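Asker: here's a sequence, model it:
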Amino acid sequence: MASDTRGALVVVGSGPGIGSHVARTFSSHGFKRIILLSRDPSRLEKDAQFIRNKTPSANVSTLPIDLANTSGIPSALAQVDKALGDTPLEVVLFNAARVGPSTLVEWPMEELELDIKIKITGCYAVVQWAVPKLLAAKKSHKPAFLCTSGSIYKEPIPEVFSLSVCKAGQHNLVHSMHKKYKEEGVYCGMVVVGGVVADEHPECNAENIANKTWALYESRDDLQVEIVDP
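Answerer: Predicted coordinates for the structure are as follows:
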């Protein structure tokens, strides 16, 4: 049973699109303790202000993280621990990605390894850190681990094969978590966006995606929600 007081929301891979909009939507539903992480520290404060404009009472912290530097992830997450303080971790949104073309066969192996570090190894490192905290919060809160994805996890596009491969790996990881932890009181789910995120798109716009993410979190039944434009 969730308490009247929300725990913390941690967004790994904040930005002007999905990450900040999800944080803003969750803040409007009572999440006042929000921690944003990104490898681009310069835009984090803009994301934080975007949330405060919606919810002035929100306590928003920003921290840099470079998931490509796997050896540095533990120290970055230790800073999140400090920022959490006594606030239980209730929700994690993993939204980190490196998006761009990757030509099949011609894409350097080192670049594929970098993508895997960010999207799969990095995600798993966050999972290892988060799951014990989420399990500890289940008696008083509604803990969840959410991950954004794309329909390329099941319908790969050769021109962005590296992203397709990594999204398939992420989907497998979160699906495994969904099977393992649902009965233990921690919801794990995927937000699958089947297109380019843009304000002019009727479905694949950041605000709609954020609302669908909140609905998925609240329902806590299905593995995922799929969002596609007509």
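Asker: please count neighbours and contacts with C-alpha atoms only from this point.
Answerer: OK.
Asker: what is the neighbour count of Pro202?
Answerer: Neighbour count for Pro202, taken as other Cα atoms under 10 Å: 12.
Asker: next up, phi/psi of the residue nearest the centre of the chain, please.
Answerer: In the chain, the residue lying closest to the centroid (Cα atoms, centre = their mean) is Phe94, at 2.1 Å. Dihedral pair for Phe94: phi -100, psi 110, per degrees, to the nearest 10.
Asker: can you give me the distance of it to Leu112?
Answerer: 20 Å (Cα to Cα, to the nearest Å).
Asker: what separates Leu67 from Lys82, distance-wise?
Answerer: 19 Å.
Asker: okay, these two: which has more neighbours?
Answerer: Legend: neighbour count by other Cα under 10 Å for Leu67 and Lys82, higher for Leu67 (28 against 9).
Asker: how about the more buried one, what does it touch?
Answerer: Applying Cα atoms under 8 Å, 6 or more residues apart in numbering, one finds that Leu67 lies in contact with Arg39, Ile73, Lys117, Ile118, Gly122.
Asker: now for the fourth one: which residues touch it?
Answerer: Going by Cα under 8 Å, 6+ apart, Ile118 touches Leu67, Ala68, Ala96, Ala97, Arg98.
Asker: same question, the third one
Answerer: With contact set as Cα under 8 Å, 6+ apart, Lys117 has these partners: Leu67, Ala68, Asn69, Thr70.
Asker: what about burial for those, which qualify?
Answerer: Neighbour-count burial (16 or more other Cα atoms under 10 Å) applied to the contacts of Lys117 gives Leu67, Ala68.
Asker: which one among the contacts of Lys117 gets closest to Thr213?
Answerer: Nearest to Thr213, judged by Cα to Cα, of the contacts of Lys117 is Leu67 at 23.2 Å.
Asker: residue boundaries of the helices in the protein?
Answerer: For the chain, the helices defined by DSSP state H cover 18-28, 41-54, 73-84, 109-116, 122-136, 161-181, 206-219.
Asker: any idea which of those helices is most buried?
Answerer: Comparing the helices of the chain by mean neighbour count (mean count of other Cα atoms under 10 Å), helix 18-28 comes out on top with a mean of 24.
Asker: contacts for that one?
Answerer: The contact list for helix 18-28 (Cα under 8 Å, 6+ apart) reads 9, 11-14, 34, 47-48, 50-52, 54-55, 58, 93, 95, 206-207, 209-211, 213-214.
Asker: please pull out the lowest mean pLDDT helix or strand from this protein.
Answerer: Of all helical and strand segments in the chain, the minimum by mean pLDDT, DSSP states H and E falls on helix 41-54, at a mean of 94.
Asker: my guess is Leu84 contacts Gly7, does it?
Answerer: No: between Leu84 and Gly7 there is no contact under Cα atoms under 8 Å: 9.3 Å.
Asker: give me the common contacts of the two.
Answerer: Here Leu84 and Gly7 share no contacting residue, scored by Cα under 8 Å, 6+ apart.
Asker: apart from its chain neighbours, what residue comes closest to Asp229?
Answerer: Glu203 (5.1 Å; Cα to Cα, 6 or more residues apart in numbering).
Asker: what's around that neighbour, how many residues?
Answerer: Glu203 has 20 nearby residues by other Cα under 10 Å.
Asker: contacts only, for Lys154.
Answerer: Contact analysis of Lys154 by Cα under 8 Å, 6+ apart lists Ala168.
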